[in-house]
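A.B. asks: dropping the sequence and predicted coords here.
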Amino acid sequence: MAKIVVDGTEVEVPAEYTLLQACEVAGVEIPRFCFHERLSIAGNCRMCLVEVKGGPPKPTASCAMAVKDLRPGPNGEPPVVLTKSPMVKKAREGVMEFLLINHPLDCPICDQGGECDLQDQAMAYGVDSSRFAENKRAVEDKYIGPLVRTSMNRCIHCTRCVRFSTEVAGVPDLGAIGRGEDMEITTYLEHAMRSEMQGNVADLCPVGALTHKPTAFHARPWELAKTEAIDVMDAVGSNIRIDTRGREVMRILPRTNEAVNEEWISDKTRYVWDGLKTQRLDRPYVRVNGRLAPATWQQAFDAIAAKVKGTNGKRIGAIVGDLANVEETFAFKQLMGKLGSPNIDCRQDGAALDPSLGRASYIFNPGIAGIEEADAILLVGTDPRHEASIVNARLRKRWRQGGLKIALVGERVDLTYPYEYLGAGPESLAELTGNGTFADVLKGAERPLVIVGQGALARADGAAVLSLAARVAVAAGAVKDGWNGFAVLHTAASRVGALDLGFVPGEGGLGTVAMTNPGAQDVVFLLGADEVDVAPGTFVVYIGTHGDRGAHRADVILPGAAYSEKSGIYVNTEGRPQFANRAAFPPGEAREDWAVLRALSEVLGQKLPYDNLFALRAALVEAHPHLGRIDQVEPVDASTVAALAAVGGATDKAAFVPAIRDFYLTNPIARASAVMAECSALRLGGTAVAAE
Amino acid sequence: MSVRRLAAEQPSSFAFSPENEAWADRQIAKYPEGRQASAVIPLLWKAQEQCGGWTPEPAIRAVADKLGMPYIRVLEIATFYTMFNLEPVGRHFVQLCGTTPCMIRGADKLKEVCHRKIGAERHVTEDGALSWLEVECLGACANAPMVQVNFDYFEDLTPESLEKLLDDLQAGRPVTTGSQIGRRASSPETGLTSLTDPSLYDRKPADTAPAAADAEAPKPGAGDAEA
């Protein structure tokens, strides 16, 4: 720790802190453009200049000078930093004037207007007129992909975007060509960026040079209502802010949560917003003579009641989709219980996860932030880059800190960091229970981590593979006091919550695959389940939001609410319950899913005992207290992993296949999104560049 | 300095010649494991030499592939350093110094000559022999004004001597490098003015260090120093 005086306030900070950090500790805000907490220090914008005593006798870039670089005074006085002196003011005004020399005065037509760092700081340090009589710089706009719009005249060369794509995203597409005044940010020959996190560069851009192309010119920040919510595109549970104007969702932005997504979100999370507006189911439909016809709620309910009444509960099935929140899943389970159906499942892909073994057998035990503590990581049948981009960013962050060994069993994929490839299938995994190169690495590691993906579990021998992976973890000593290095990486936002509720087949019940077989069931309820194919002959009731696979197969469609249109709890892959607020209303006659289930229950004569969401939530928390402890991960019983390892079972030789083939089209909302479709087409077309 | 762009017309491919490939491998081997990217400038420079004085886009990719770097990183370097020519140049690429000492000593007149004999900056003559570019200080200020043609300096130029030089280069006639008025290195134009007393050099045999250096650089003014 070192003492330093900031504007007359003495503070004690770690010696390796930068002056900028020390100033923040002292409660002094330093203006900055290029500096960003999660990126390397560039020190090229010069906006953070301060005056120091005990250092160079000139204005000093506070982001790039460490506290320990300053000398104490002649009598051992702590070094002094002045942030409000005339020298600092003049220096910053000078920097600002230089920045504004070539920055166009196009704020009225700039998407960044109202949330622009340069605009804000020009209010403090800008001058009212220009002294620059020479020619202005003009820069051609660049094509860097379908997601980020460029307006390169506005670029102030902070290189945050270059550092983000190189360091955090790990896909070094962006670079700065030329030099000096003629420096330009671009990709190689203007091909599209290839990262799944490229939208973050537009967030990072302190000016309007990089803005969000899909939402360009749609809204001004001050006219948007901001709602804190949780993302459902993957099982990470990224914290998001949904901005709405009136009834319409205008954009989705990340919120900072150090334990989950830091401050990044994936492109699917961010740009899926247009999928919320298209292909929506806004009224009930009933299939009449083989065609879906619009109907009233009463007609739809009557059609269901006519079919369900007189059907044995054992001939009724229920499948929860990937986007459901905990409340509606809970109501769904209760309804099925009342109908006497043991055939319930939340594992659309057939992943062999069994909640009866204990919670530690199906959650990401060390937590996403726990990745940073691991020193040897084994990935089993997973492609985290596409199954959970934010988790992959965390893995990459850990890899960049050094001293980490990573190995993969499964399909060879580009994870943005190097790893040791051990093999394709369960046989390679089985080798790790004994001795071998990487088995020894895991054993020698202080905190080994085994991450099992859904690709390893959604197969006939999934249970045996899960047990085998647990055996590898136990053999490596990954489960011990203070560290549980057995992690299941989910892809579905609803999955952990539904497993917590025990939404799996009851005694004698059928699972997803069995339920969808021909003749297995008379009636199947799908709560937003679009990744299953129910055999012909079964009466299908689809409760969901989009005219996707499930709706096309349905005999009755009950329109529900998308994740932005309902309040609810989601449990992410770590087992962390997070609360999402409602940002907008469902379209047309669509209603929140829990309300649809409640109304349906009454029609079926099995009334659910709650009349509003709060009563439902109260019942849920009473039954599952840990779901009421928002943002807290319930401690789990680590011995579960050892029990899981003891399950055993025979594995076959087939190679693991990644759970996600097309990152951009994994759920009905994404499949309805034109932006996601364009991204998907671009990716499938290799590095092809979209036409202007 | 102005915005530099890759040339519109590019060759379809680039590959190092076997001897350059071996040379490149030797350069890469100089750096410790994991730091191979440090060899990027030597490799680009060699690629430029092999391509006749300019760096085509396929060469940028070839160098990036060889060093395991993202293409954009090599493009950044090739566009940052102005000595990487991004467009084709003449067989004899004249880099004319226009910085203050040369300017004072008449570089502007030399520019006029280039304009007249070759054309605009970066323009390659029809026979592919010549192109020219004004550059910043080349460090031969004592012998200003001067030009650099490929790897050789031509100093103490006058419009006439430059014109003759360009004619000779274009015609393929032999030319004299270095000072065009016969002075040796950057010794005074009028001959040595100090340290002229031969007795100063008595302690050594007359033909040691200075003479040895001369042997490698037979210049017209070489005799002055020995006098």
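C.D. replies: Everything's here; your move. Keep in mind it's a predicted model, so treat the numbers as computed, not measured.
A.B. asks: only C-alpha atoms for contact and neighbour calcs from this point on.
C.D. replies: Fine.
A.B. asks: next one: the most centrally placed residue in chain B from residue B:94, what distance?
C.D. replies: Of all residues in chain B, the one closest to the mean position by CA atoms, centre = their mean is residue B:151, 3.7 Å from it. Distance of residue B:151 to residue B:94, given as CA to CA, to the nearest Å: 10 Å.
A.B. asks: could you check the pLDDT of residue 63?
C.D. replies: Just so you know, I chose chain A. Residue A:63 is assigned 94 on the pLDDT scale.
A.B. asks: actually chain B
C.D. replies: The score at residue B:63 is 97. That number is its pLDDT.
A.B. asks: for the helix or strand hosting it, what is the distance to the chain centroid?
C.D. replies: In the assignment (DSSP states H and E), residue B:63 maps to helix B:57-67. From the chain centre to the centre of helix B:57-67 is a distance of 23 Å (CA atoms, centre = their mean, to the nearest Å).
A.B. asks: so, low pLDDT: which residues of the stretch 401-550 of chain A?
C.D. replies: Applying pLDDT under 70 to the stretch 401-550 of chain A flags no residue at all.
A.B. asks: near chain A, which residues of chain B show up?
C.D. replies: Counting by CA under 8 Å from any CA of the partner chain, chain B comes close to chain A at B:2-4, B:70-73, B:75-77, B:79-80.
A.B. asks: which residue ranges form the helices in chain B?
C.D. replies: With DSSP state H as the criterion, chain B has helices at B:18-29, B:40-50, B:57-67, B:71-80, B:100-104, B:107-117, B:159-171, B:209-216, B:222-226.
A.B. asks: the fourth one - what's its average pLDDT?
C.D. replies: Taken as a whole, helix B:71-80 has an average pLDDT of 96.
A.B. asks: what helices or strands is that helix leaning on?
C.D. replies: strand A:174-177, helix B:40-50, helix B:57-67 (3 or more CA pairs under 8 Å, 6 or more residues apart in numbering or on different chains; DSSP states H and E).
A.B. asks: let's go with 10 Å and repeat that
C.D. replies: strand A:174-177, strand A:184-187, helix B:40-50, helix B:57-67 (3 or more CA pairs under 10 Å, 6 or more residues apart in numbering or on different chains; DSSP states H and E).
A.B. asks: just checking, residue B:7 touches residue B:56?
C.D. replies: Yes - with contact defined as CA atoms under 10 Å, residue B:7 counts as touching residue B:56 (7.6 Å).
A.B. asks: what sits in contact with each of these two?
C.D. replies: Shared contacts of residue B:7 and residue B:56 (CA atoms under 10 Å, 6 or more residues apart in numbering or on different chains): B:85-88.
A.B. asks: list just the nearest of those residues to chain A.
C.D. replies: residue B:86 (11.5 Å; CA to the nearest CA).
A.B. asks: roughly how far does residue A:88 sit from chain B?
C.D. replies: 31 Å (CA to the nearest CA, to the nearest Å).
A.B. asks: make sure that residue is indeed in a strand.
C.D. replies: No - Residue A:88: not assigned to a strand; according to DSSP: H, G, I helix; E, B strand; the rest coil it is helix.
A.B. asks: where does the residue lying closest to it once chain neighbours are set aside land in three-state SS?
C.D. replies: Setting aside the residues directly before and after it, residue A:88 is nearest to residue A:50 in space (CA to CA, 6 or more residues apart in numbering or on different chains), at 5.4 Å. The local conformation at residue A:50, judged by three-state DSSP, is strand.
A.B. asks: wait, residue A:50 touches residue A:32, no?
C.D. replies: No - Residue A:50 is beyond contact range of residue A:32, at 11.5 Å (criterion: CA under 10 Å).
A.B. asks: of the two, which one has the most company?
C.D. replies: Taking other CA atoms under 10 Å in any protein chain shown, residue A:50 and residue A:32 do not tie; residue A:50 has more neighbours (26 against 22).
A.B. asks: give the contact list for that one.
C.D. replies: Contacts of residue A:50 by CA under 10 Å, 6+ apart are A:19-20, A:23, A:30, A:58-63, A:81-85, A:87-89, A:91-92.
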